[in-house]
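Asks: Structure for the following, please:
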Amino acid sequence: MYQHQKESFAAQFGRKPQFIFSAPGRTEIGGNHTDHQHGCVMAAAVNREAVAAVAENGTMIVRLFSEGYGLLQVDISDLTVHPEELNSTPALIRGVAAKFQAYGLRGFDAYVTSTVLSGSGLSSSAAFEVLVGVIFNQLTNAGKNAIEIAQIGQYAENVYFGKPCGLMDQMASSVGNLITIDFFDKENPVIESVDFDFSACGHALCIIDSGADHADLTDEYAAVPGE
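Replies: Okay, the predicted model is just below:
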């Protein structure tokens, strides 16, 4: 399983990976834009995922090759917010790393593939944030749970990436399955699993390419809480 990622990592970095990590995209069943209004949502992980083959590299540099995008490097000895990195992948990596600083950060090499298409509405950014959070959690032995990893991803997107998102996307990716989330207390969201078998009822959740892309709608999204 994940043989492509293992072989591609070896070709890119010249050695075998130590770990394989993955994080799913998500779909929103109900509660559009209510997560940042202290409301309730129903969301589910989907069978599209971001996958990383990873190995420590003995430095304080994250070297991440994302298939289709190329290689980037982030110096995690510097965890200040870089304004020039707004709306970028390095910003997310730096932001997630900032929350693991107290546990002894380690640089790593990663080869990443993703079937969570960017701008598709399946939360590719949240899947990536959760993926990076799980990597740092493993390498630092921080012991963060799924809720904490989701909150770290939201922090990275809010503070470093520059998008005032809610927590539903990261939570659905990190916790997985079909869940309801009550955000009345944003710091302590109440999560419940929903036991429902779509196929047993003759239903299927389908992903359809509508030709639209919401990647450039950050300003409109940010206006929702204010309005």
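
Asks: Surely M171 is in contact with A43?
Replies: Yes: M171 lies in contact with A43 (Cβ atoms under 8 Å); the separation is 7.3 Å. No exception for glycine: its C-beta is placed from N, CA and C like everyone else's.

Asks: okay, those two: which has more neighbours?
Replies: For M171 versus A43, neighbours defined as other Cβ atoms under 10 Å are more numerous around M171 (28 against 25).

Asks: what does the model give that one for pLDDT?
Replies: On pLDDT, M171 comes in at 95.

Asks: Would you mind listing the residues in contact with it?
Replies: Neighbour list for M171: A43, A146, I147, A150, I179, I181, P189, I191 [criterion: Cβ atoms under 8 Å, 6 or more residues apart in numbering].

Asks: How far away from the center of its chain is the lengthiest helix in the chain?
Replies: In the chain, taking DSSP state H as the definition, the longest helix is helix 124-140. Relative to its chain's centre, helix 124-140 lies at 6 Å (Cα atoms, centre = their mean, to the nearest Å).

Asks: Would you mind identifying the next helix or strand past that helix?
Replies: Tracing the chain past helix 124-140, the next element assigned as helix or strand by DSSP states H and E is helix 146-155.

Asks: Compute the inter-axis angle for whichever strand in the chain runs longest and helix 124-140.
Replies: Criterion DSSP state E: the longest strand present in the chain is strand 40-56. Computed with axes from the mean of the first three to the mean of the last three Cα atoms, to 10 degrees, the direction of strand 40-56 lies at 50 degrees from that of helix 124-140.

Asks: other SSEs contacting strand 40-56?
Replies: helix 3-13, strand 19-30, strand 108-114, helix 124-140, helix 168-175, strand 178-182 (3 or more Cβ pairs under 8 Å, 6 or more residues apart in numbering; DSSP states H and E).

Asks: For that strand, buried residues please.
Replies: 40-46, 48-55 (16 or more other Cβ atoms under 10 Å).

Asks: which outside residues touch stretch 131-138?
Replies: Residues from elsewhere that reach stretch 131-138, judged by Cβ under 8 Å, 6+ apart: 19, 21-23, 50-52, 54, 92-93, 96-97, 99-100, 105, 108, 110, 112, 142-144, 149-150, 152-153, 156, 174.

Asks: Pull out the buried members of those residues.
Replies: Buried subset of those (neighbour count, 16+ other Cβ under 10 Å): 21-23, 50-52, 54, 92-93, 96-97, 99-100, 105, 108, 110, 112, 142, 144, 149-150, 152-153, 156, 174.

Asks: shaky segments in this structure?
Replies: 213-216, 218, 221-222, 225 (pLDDT under 70).

Asks: thinking again about what came up before, export the longest helix of the chain to PDB, keeping only CA atoms.
Replies: Extracted in PDB, the C-alpha atoms of helix 124-140 (Å, rounded to 0.1, in the frame of the first residue of the first chain):
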ATOM      1  CA  SER A 124      -7.400  20.400   0.600                       C
ATOM      2  CA  SER A 125      -5.900  23.000   3.000                       C
ATOM      3  CA  ALA A 126      -7.400  21.400   6.100                       C
ATOM      4  CA  ALA A 127      -6.200  17.900   4.900                       C
ATOM      5  CA  PHE A 128      -2.700  19.300   4.500                       C
ATOM      6  CA  GLU A 129      -2.700  21.000   7.900                       C
ATOM      7  CA  VAL A 130      -3.900  17.800   9.600                       C
ATOM      8  CA  LEU A 131      -1.300  15.800   7.600                       C
ATOM      9  CA  VAL A 132       1.500  18.200   8.800                       C
ATOM     10  CA  GLY A 133       0.200  18.200  12.300                       C
ATOM     11  CA  VAL A 134       0.200  14.300  12.400                       C
ATOM     12  CA  ILE A 135       3.800  14.300  11.100                       C
ATOM     13  CA  PHE A 136       5.000  16.700  13.800                       C
ATOM     14  CA  ASN A 137       3.000  14.900  16.400                       C
ATOM     15  CA  GLN A 138       4.800  11.700  15.600                       C
ATOM     16  CA  LEU A 139       8.300  13.100  15.300                       C
ATOM     17  CA  THR A 140       8.100  15.100  18.500                       C
END
